[in-house]
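Asks: the following comprises the amino acid sequence and a computationally predicted model.
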Amino acid sequence: MSNSTDELFKNVISHAKEYGFVFQSSEIYDGLSAVYDYGQNGVELKNNIKTYWWKSMVQMHDNIVGIDSAIFMHPTIWKASGHVDGFSDPMIDNKVSKKRYRADQLLEDKIAAYDTEGKTDKAELLQTEMDTALKNEDLPRLRELIIAHEIADPNSKDKPDWTEVRQFNLMFSTQVGAIAGESETIYLRPETAQGIFVNYLNVQKSGRMKIPFGIAQIGKAFRNEVVARQFIIRMREFEQMEMQYFVRPGTQKDWFNKWKETRLKWHLALGTPEEKYRYHEHVKLAHYADAAFDIEFDFPFGFKEVEGIHSRTDFDLSQHEQFSRKKMQYFDPEVDPETGKPFGNYIPYVIETSIGLDRMFLLTMINAFEEEDLSTEERQDSRTVLRLHPCLAPVKAAIFPLTKKDGLPEKATEIMDKLKVNFNLQYEEKDAIGKRYRRQDAIGTPFCITVDHQSLEDNTVTIRHRDTMAQERVNADDLEKIIGDLVSWKNLLG
RNA sequence: GCGGAAAUAGCUCAGCUGGUAGAGCAUCAGUUUCCCAAACUGAAGGCCGCGGGUUCGAAUCCCGUUUUCCGCUCCA
């Protein structure tokens, strides 16, 4: 990471805090690691990103509908999805080499080594001891075994100094039921997708949906990351915008490619330079996928995943059919042109598009942030401006009386009252006009409307544009249409 | 989780080898100002991250702890 990009990232973080976008959670109690709060401007920007996504996915597709499933779900769902068994690993560190390993894998390797050496008795004994320890979640015993069998650090020749074995759990658990002892352990969802899968037939039947169709959802998910860092890139509590698209088996490849392209277009429509984005293909696929691409963004610290497009096959629905013993099949009455018969009953294949809202938020801030040098020969000058797309900007317009006397504030307030039904506005009368322009630049407000003495005479005002700093004089009665056109979703979705 | 660095006013930072806590910006009350920040007057704001120790005396030295940043590690 070069110094300048390092600086950029730091500046964006402090800007985000200073102007009410993102605060550290529980800051007055020294904070809570990897948890963040969105402030007064952050929540507006975040909501606007959600709206853009929801409109483009749900409103613009007549075969995609949304749901809002609960964060609490039946614990068996996470057994079916593979999260319970797949994400609770015993971890151990070597203090000498500073490397971290999975304790069970170190032991497995040792067992394999015993086998190749022909010491099958030793191998079998260790296998049994390890299985017992794992089953009983006896973490100290795992450490004992590692030390007793003098397991070396695979990446270091020095004698290892092992830490305690710690359990790494992906999921947060909590109790349902008011009475201790009679309660049941459930999990905070680690992904929103399962809420869609377990509801897919409810939606399909109540909405009379025909394949192919999609179900969209925006919601919080929770993951206990080993190391959560880099600001809001990796948070313990985060928000996803997911859409699961249910398709006829055999057609998944086409739909996968279609969504891959559609989703990148969604990103680029915001005006982000194309070279900032790239696809990353997963070579090693997760157990449920038959194809997977990430859309990555060029963050100051390198390309990182923002969105994943995964072909999840029929894995999840099949798992739920098995675990719930309820049919997850869809009856497809359409006639297969090849056989002349209906497609009939099948478990649909699923294409998933899943975007991290918090990462999208950060990406948007980084992309928009600019420290512009406005120096002339006479004097130095600069401004910090967030060049947010007008549709995403937290405040659409600010209204200023040029001075706070001579009836200008009254006139400005009157204009504001007419417009605030349709737009999120700010009114400011304090400080020099230039200072107020700069403050609005800093939070990305695309337009500033200034009321001056001429306004009192002919009802005209000036509109000052954030990006060019150019001004034009317009009639105050036309503002609703002018601003409405400039911030219209048509500009993004049309 | 390991190693390194940092933590002083809302923000950016001074504060030397221990001796009663400082500036600029921001904030608030005024003045000035007819279109692009940092003009004038005044006010307010800090248990120097938290806890302990050394000392007559600690923002300053030592230990612990929390948080953040960087590197490693981990990552569906």
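Replies: Yep, it's here.
Asks: near RNA strand B, which residues of the stretch 301-450 of chain A?
Replies: A:301, A:308, A:374, A:379-383, A:402-404, A:406, A:430-435, A:437-438, A:450 (Cβ under 7 Å from any atom of the strand). No exception for glycine: its C-beta is placed from N, CA and C like everyone else's.
Asks: and A:Glu275, how many neighbours?
Replies: Neighbour count of A:Glu275, defined by other Cβ atoms under 10 Å: 7.
Asks: quick one: it from A:Glu164, how far?
Replies: With the distance defined as Cβ to Cβ, to the nearest Å, A:Glu275 ends up 46 Å from A:Glu164.
Asks: ranges for the strands of the stretch 351-494 of chain A?
Replies: A:369-373, A:382-386, A:397-401, A:425-427, A:447-451, A:460-465, A:471-475 (DSSP state E, counting those that start in this stretch).
Asks: and the contacts of the fourth one?
Replies: Contacting residues not belonging to strand A:425-427 are listed as A:395-400, A:412-413, A:416, A:419, A:440, A:445 [Cβ atoms under 8 Å, 6 or more residues apart in numbering].
Asks: just the buried subset of the residues you listed, written out for ChimeraX, thanks.
Replies: Restricted to buried positions by 16 or more other Cβ atoms under 10 Å, the ChimeraX selection for those reads:
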select /A:395,396,397,398,399,400,412,416,419,440,445
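Asks: and of the contacts of strand A:425-427, the nearest to A:Arg263?
Replies: A:Arg263 lies nearest to A:Lys396 out of those, by Cβ to Cβ, at 26.6 Å.
Asks: next, the residue nearest to the closest one when sequence neighbours are not counted: phi, psi?
Replies: The shortest distance from A:Lys396 to any non-neighbouring residue, by Cβ to Cβ, 6 or more residues apart in numbering, is to A:Phe423 (4.2 Å). Taking degrees, to the nearest 10, you get phi -130, psi 150 for the backbone angles of A:Phe423.
Asks: coming back round to it: turn the strands of the stretch 351-494 of chain A into CSV, including mean pLDDT and distance to A:Glu124.
Replies: Shown next, in CSV, are the strands of the stretch 351-494 of chain A (pLDDT from 0 to 100; distance: least, Cβ to Cβ, whole Å):
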stretch, mean pLDDT, distance to A:Glu124
strand A:369-373, 85, 60
strand A:382-386, 87, 64
strand A:397-401, 93, 75
strand A:425-427, 91, 73
strand A:447-451, 93, 75
strand A:460-465, 94, 76
strand A:471-475, 94, 83
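Asks: mind listing what the most centrally placed residue in chain A touches?
Replies: Nearest to the mean C-alpha position of chain A, counting by Cα atoms, centre = their mean, stands A:Gly356 at 1.4 Å. For A:Gly356, the contact set (Cβ under 8 Å, 6+ apart) comprises A:238-240, A:305-307.
Asks: among those residues, which one has the most neighbours?
Replies: Top of the contacts of A:Gly356 by neighbour count (other Cβ under 10 Å): A:Glu307, with 24 neighbours.
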